[in-house]
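*Asks:* got a sequence here, can you build the structure:
(one chain, ligands or ions: 1)
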Amino acid sequence: MKDFYIIANLKMNKSIVESKIYLNLLKENIQNFNNKIVICPSSISLFYFANEIQGMKLGIQDIDHREQGQGTGSISASQVKDICEFAIVGHSERRQTFFENNKTISEKLQMLWKNNMTPIFCIGENQEVRNKGFKAIEKHINKQLRDSLFEDSKWENLLVAYEPIWAIGTGLSASPEQASEVISLIHETVKEISGGIDVPILYGGSVNEENHLDFQNEEKINGLLIGSACLDPITFSKIINNS
Ligand code: PEP
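*Replies:* Sure, this is the predicted structure:
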């Protein structure tokens, strides 16, 4: 059976105390460890999670594009590589709020690979592009991939997450068919850039307790990146247990 990833992006939620309660409840309620579970808490709680997260993997929600030094408020891959295996990069909230572009994201990918970490590289179109039809989506996705990935990328250490912006945090998920259509395109484009290597491609955008199996049943979808529905540890553990 191929690995299936279930990744929690806790975003800017939970204090240190709340994070401890969250992880305890998650551990008490998860019975199914068949899939790869990755938790990306706020950076303030990373160290606690690192010591307590048995059976699951740890990810940071973003990293700086530089190695170290003059980056007030930032965290570099080299600072967290000892405790984090994964890092989300290119999340649409970073692209929009912090004006991150494909070049910066490409630098972040390089920095993660240099530090033996695995990027969860997020891409996806906004509503305006979606309204223009599949050709426009294809062009957008192609550019995001080709601006950040190159033939010599570290393909064995890469997860790509297709996260249509219109589906994130809106409660309006893509349909499994819509997700699969773009994810098939991503698989093909990755193989073109890499010279034949495929990587796991995940879906993210309003996945919840009711719809997660619909995505999981799609052959081309290799995992889920979950925001809102991971905030309640009981709901999230149900998703994990049913997967
Ligand atoms: C996300 O922000 O990565 C995400 C998938 O959020 P949500 O599940 O809330 O749409």
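*Asks:* distance between stretch 121-134 and the chain's centre?
*Replies:* 17 Å (CA atoms, centre = their mean, to the nearest Å).
*Asks:* does Phe4 really touch Asn222, like I thought?
*Replies:* Yes. Counting by CB atoms under 8 Å, Asn222 is a contact partner of Phe4 at 6.3 Å. The C-beta positions use only the backbone N, C-alpha and C, and glycine is treated the same way.
*Asks:* who has more neighbours, the two?
*Replies:* Between Phe4 and Asn222, counted using other CB atoms under 10 Å, the more crowded position is Asn222 (22 against 17).
*Asks:* which part of the chain gets nearest to the ligand, residue-wise?
*Replies:* Distances between the chain and the ligand by CB to the nearest ligand atom are smallest at Gly227, namely 2.2 Å.
*Asks:* who does the nearest residue to that residue once chain neighbours are set aside bridge with?
*Replies:* Excluding its sequence neighbours, the residue lying closest to Gly227 (CB to CB, 6 or more residues apart in numbering) is Asn9, at 5.0 Å. Beta bridges link Asn9 to Cys40, judged by DSSP bridges.
*Asks:* torsion angles phi and psi at the residue of the chain most remote from its centre?
*Replies:* The centre of the chain is farthest from one residue, Gln70, which by CA atoms, centre = their mean lies 26.8 Å away. Dihedral angles of Gln70 (phi, psi; degrees, to the nearest 10) stand at phi -80, psi 80.
*Asks:* and stretch 65-83, how far out from the chain's middle?
*Replies:* 19 Å.
*Asks:* over to stretch 146-159?
*Replies:* 15 Å.
*Asks:* buried residues of it, list them for me.
*Replies:* By neighbour count on 16 or more other CB atoms under 10 Å, the buried set for stretch 146-159 is Ser148, Leu149, Ser153, Lys154, Trp155, Asn157, Leu158, Leu159.
*Asks:* residues contacting the residue lying closest to the fourth one once chain neighbours are set aside?
*Replies:* Closest residue to Lys154 apart from its sequence neighbours, by CB to CB, 6+ apart: Trp113 at 4.1 Å. The neighbours of Trp113, taking CB atoms under 8 Å, 6 or more residues apart in numbering as the test, are Pro119, Ser153, Lys154, Asn157.
*Asks:* and these, which of them are in strands?
*Replies:* Applying DSSP state E to those, the entries found in strands are Pro119.
*Asks:* Leu224 belongs to a strand?
*Replies:* Yes. Under DSSP: H, G, I helix; E, B strand; the rest coil, Leu224 sits within a strand.
*Asks:* so it bridges to which residues?
*Replies:* Ile6, Tyr203.
*Asks:* hang on, isn't it packed against Tyr5?
*Replies:* Yes. Counting by CB under 8 Å, Tyr5 is a contact partner of Leu224 at 7.2 Å.
*Asks:* so those two - more neighbours on which side?
*Replies:* Leu224 (26 against 20).
*Asks:* what segments of this structure are strands?
*Replies:* Secondary structure of the chain by DSSP E: the strands cover 5-9, 36-40, 57-60, 86-89, 118-123, 159-162, 201-204, 223-226.
*Asks:* want to try JSON lines for those strands, with mean pLDDT as columns?
*Replies:* Shown next, in JSON lines, are the strands of the chain (pLDDT from 0 to 100):
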{"stretch": "strand 5-9", "mean pLDDT": "98"}
{"stretch": "strand 36-40", "mean pLDDT": "98"}
{"stretch": "strand 57-60", "mean pLDDT": "98"}
{"stretch": "strand 86-89", "mean pLDDT": "98"}
{"stretch": "strand 118-123", "mean pLDDT": "98"}
{"stretch": "strand 159-162", "mean pLDDT": "98"}
{"stretch": "strand 201-204", "mean pLDDT": "98"}
{"stretch": "strand 223-226", "mean pLDDT": "98"}
